[in-house]
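K.L.:
give the three-dimensional model of this entry:
(one chain, ligands or ions: 1)
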Amino acid sequence: MAKELKTAALGEQKILRGTGGETHQVAGGEVPTLTTQVGMPVADDQNSLKAGRRGPTLMEDQHFREKIFHFDHERIPERVVHARGFGAHGYFETYDSLSDITAADLFQRAGEKTEVFVRFSTVAGNKGSADLARDVRGFAVKFYTQQGNWDLVGNNIPVFFIQDAIKFPDLIHAAKQEPDRGFPQAQTAHDNFWDFISLTPESINMALWIMSDRTIPRSFRFMEGFGVHTFRLVNAKGKSTFVKFHWKPKQGLQSVAWNEAVKLNGADPDFHRRDLWDAIKMGDFPEWELGLQLFDQDYADQFDFDVLDATKIIPEEEVPIRIVGRMVLDRCVDNFFAETEQVAFQTGNIVPGIDFTNDPLLQGRNFSYLDTQLKRLGGPNFNHLPVNAPRCPFHHFQQDGHMAFHNPKGRANYEPNSWDSEAGGPREDPEAGFRSFPEEVEGAKGRYRSETFADHYSQARQFYLSQTPVEQGHIADAFTFELSKVETPAIRSRVVSHLLNVDEDLAQKVAEALRLKEMPKAAKPAMPVKSLADSPKLSIVLNGPESFAGRKVGALVTDGCDIDLVEALKSALEAEGALIEFVAPRVGGVEASDGTWIEAKQKIDGGPSVLYDAVAILASADQVVLLTKMPPAKDFVSDAFAHCKFIAYSAEAMPLLEKAGIADDLDDGCVAVGQGSDMAAFVKQCREVRFWDREASLKPV
Ligand code: HDD
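P.N.:
A predicted model of the protein is given here:
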């Protein structure tokens, strides 16, 4: 006979107050009594109700049925794009009143704070995909203003692949897993994607951006955000000004190396979400400044490109960015599903003082976001969910439907009505209410693509030529990598045929690295490619951080490591606002030279150097031999070197550097630290984030 199972959990609890059961005493203190959804106290949550000790489960077990039923329905459809994301709460603070250019309430009063919710995301991968996919990052901000919610649903790249929303399903189908095989996951390195891109010349500018390091950010905290489209700001007098929205990270820009991204996906697939969570939890709140590029119709008319074309930027050097406020993320979500998963962004959510333009991508988006939320959230009342509900008062006659949390009060649920103010409900306000900017529009109906959208290469060329040589090298490597995963040679060649219009040198490099049998002819541009002035603001390296604050050093330590060096490094990093994490052979920690116990955060194979911005190798003479025998210790050093990180090392650690094969190649990015050496100087050097000079000596694969 089967042994009877004891239910320890039940036995140890002491009921404090009655069976209606408010609280129980458990090991950690008082907890509320477990109930069903409708509040019935539960006596046994370990065993289903059975007919006899070993008999079948009974249908009348309502608690069991309710629990399993609810579990079966826990998932909602993931977003068709941007499925993997991570959200946080915070606020936006207006620096100065912008009442001269917009009537938007949140921009009226200097110093005023508006609550925000932000969700960062990747685009192509499924909900469970890894964070370091080479991909665009979503940067969606919901402002809960006093005149309704304004959603600025942007990306970390200021241009887009396509000009007209009607091509969005094709773009996304091509980017995501191929439909017959269901792979590859979260990657654009496959035939369908590059087939589509190479047949869609308008996407070439974006192709250059996504092959740059922008698509492998160090974390959400170190990337820019963009509203992409041209919007309008409208002031109280009805005057309109065009605007492009920019988010500038106060932390500076930073990306990782591609080889690092590949390894990070294995070492910590949650690297980006963990980074944001940890930073907020420890009080190091990330900040972005909101910048506006403002221009009028005259500027738009003389600009080289069409301001309604979302595949184009307006260089910052041409229309400077006016900084108007800052956003601080200071609170993690309490519940991932309720907030991050159920948040519903809509480009259609704008407020008086902000308006759309005729950008055909934006116009199409305005339909898609409303539509998709209905599918995802299961009914028309998703704005009743706390994360989506406005923080200002709201009154309307919309009623009923699935899961309506609140319905209109009073007798009237229609308008006009002749009931008195209380029973009759809300009325429109011609003064304060939203009015569309009265732009004159006329023309014959037709499926057009304006000829002002036809220049597909000039800005791609400008982007490429504005990068530092290091970044140009990364772009060539990225094209080579992605196209090497494309199985059809004709598609590889077709991509190179477009690159010839961007920069011949780039095309040559990629063609050679792919070992194309012959150079294809350049694709025929619809109009001549222009030579535009360089825009240094497009480079990540030129716009890096001013300090090492918020970054992390991984210190590889062993028993007997020099406590003075450890302490010196710790205090230099603390002074900079940076962090240190100890990596040791065993996670329990190590005993330093003076007997001090140093707690490790990671065991060496769980804490590879890709997790850190810079590393310190502080092994003791006795123990370093042990490390030389550990492959992950060797990788820790050789990877840090290959990823151009700054490396501090003690003399005792040299045998490990030798084993890692870098002892003969030590350069200015490798800093010997010992008695009397200046750790602050090492940390100052780390502000550069990477020692890029090294890269030239590392032969690309
Ligand atoms: Fe989109 C989600 C950004 C073009 C249709 N998009 C989505 C999200 C971001 C963007 C950040 C995730 C929001 C969140 O975190 O919940 N999308 C962009 C940008 C675009 C863009 C910057 C171009 C400038 N999108 C675009 C087009 C269409 C869509 C042209 C359709 C015509 N996007 C959607 C969507 C999603 C979405 C299907 C999926 C989940 C969601 O909306 O809420 O409606």
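
K.L.:
now do the same for residue 543: its pLDDT.
P.N.:
On pLDDT, residue 543 comes in at 93.

K.L.:
identify the residue nearest it in space, chain neighbours excluded?
P.N.:
Among residues not flanking residue 543 along the chain, residue 253 sits closest, at 4.9 Å (Cβ to Cβ, 6 or more residues apart in numbering). Backbone N, C-alpha and C define where each C-beta goes, glycine included.

K.L.:
got the phi/psi numbers for that neighbour?
P.N.:
phi -90, psi 140 (degrees, to the nearest 10).

K.L.:
what's the answer for residue 613, then?
P.N.:
According to degrees, to the nearest 10, residue 613 has phi -80, psi -30.

K.L.:
what residues sit buried inside stretch 351-359?
P.N.:
Neighbour counts over stretch 351-359 (16 or more other Cβ atoms under 10 Å) mark 351, 352, 353, 354, 355, 356, 357, 359 as buried.

K.L.:
now it: mean pLDDT?
P.N.:
98.

K.L.:
where does residue 513 sit: helix, strand or coil?
P.N.:
Taken by DSSP: H, G, I helix; E, B strand; the rest coil, the conformation at residue 513 corresponds to helix.

K.L.:
if we ignore the residues flanking it in sequence, what's nearest it?
P.N.:
residue 480 (4.1 Å).

K.L.:
how far away from the center of its chain is the host helix or strand of that neighbour?
P.N.:
Per DSSP states H and E: residue 480 is located in helix 469-484. Counting by Cα atoms, centre = their mean, to the nearest Å, helix 469-484 is centred 22 Å from the centre of its parent chain.

K.L.:
contact partners of that helix?
P.N.:
134, 188-189, 194, 208, 211-213, 257-258, 464, 467, 491-492, 495-496, 499, 506, 509-510, 513-514, 539-541, 692, 695, 700 (Cβ atoms under 8 Å, 6 or more residues apart in numbering).

K.L.:
next to the ligand, which bits of the chain? Give me the list.
P.N.:
Applying Cβ under 6 Å from any ligand atom, we find that the chain lies next to the ligand at 79-82, 85, 119, 121, 138, 140, 153-155, 160, 165, 168, 228, 310, 343, 345, 361, 364-365, 368-369, 372.

K.L.:
quick one on the thing from earlier: and the furthest pair within the buried residues of stretch 351-359?
P.N.:
Among these, the pair separated by the greatest distance (Cβ to Cβ) is 352 and 359, at 20.3 Å.

K.L.:
leaving out chain neighbours, which residue sits closest to the residue of the stretch 51-200 of the chain at minimum distance from the ligand?
P.N.:
Going by Cβ to the nearest ligand atom, the ligand is nearest to residue 138 of the stretch 51-200 of the chain, at 2.7 Å. Excluding the flanking residues, the one nearest residue 138 by Cβ to Cβ, 6+ apart is residue 121, at 3.6 Å.

K.L.:
surely that neighbour is within a strand?
P.N.:
Yes - judged by three-state DSSP, residue 121 forms part of a strand.

K.L.:
ok so, going back, which PyMOL command selects the buried ones in the residues of the chain next to the ligand?
P.N.:
In PyMOL syntax, the buried subset of these is picked out as below (16+ other Cβ under 10 Å):
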select buried, resi 79+81+82+85+119+121+138+140+153+154+155+160+165+168+228+310+343+345+361+364+365+368+369+372
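
K.L.:
show me the residues of the chain next to the ligand that map onto strands.
P.N.:
85, 119, 121, 138, 140, 153, 154, 155 (DSSP state E).

K.L.:
contacting residues around the third one?
P.N.:
For residue 121, the contacting residues are 79, 82, 83, 84, 85, 86, 137, 138, 140, taking Cβ under 8 Å, 6+ apart as the criterion.
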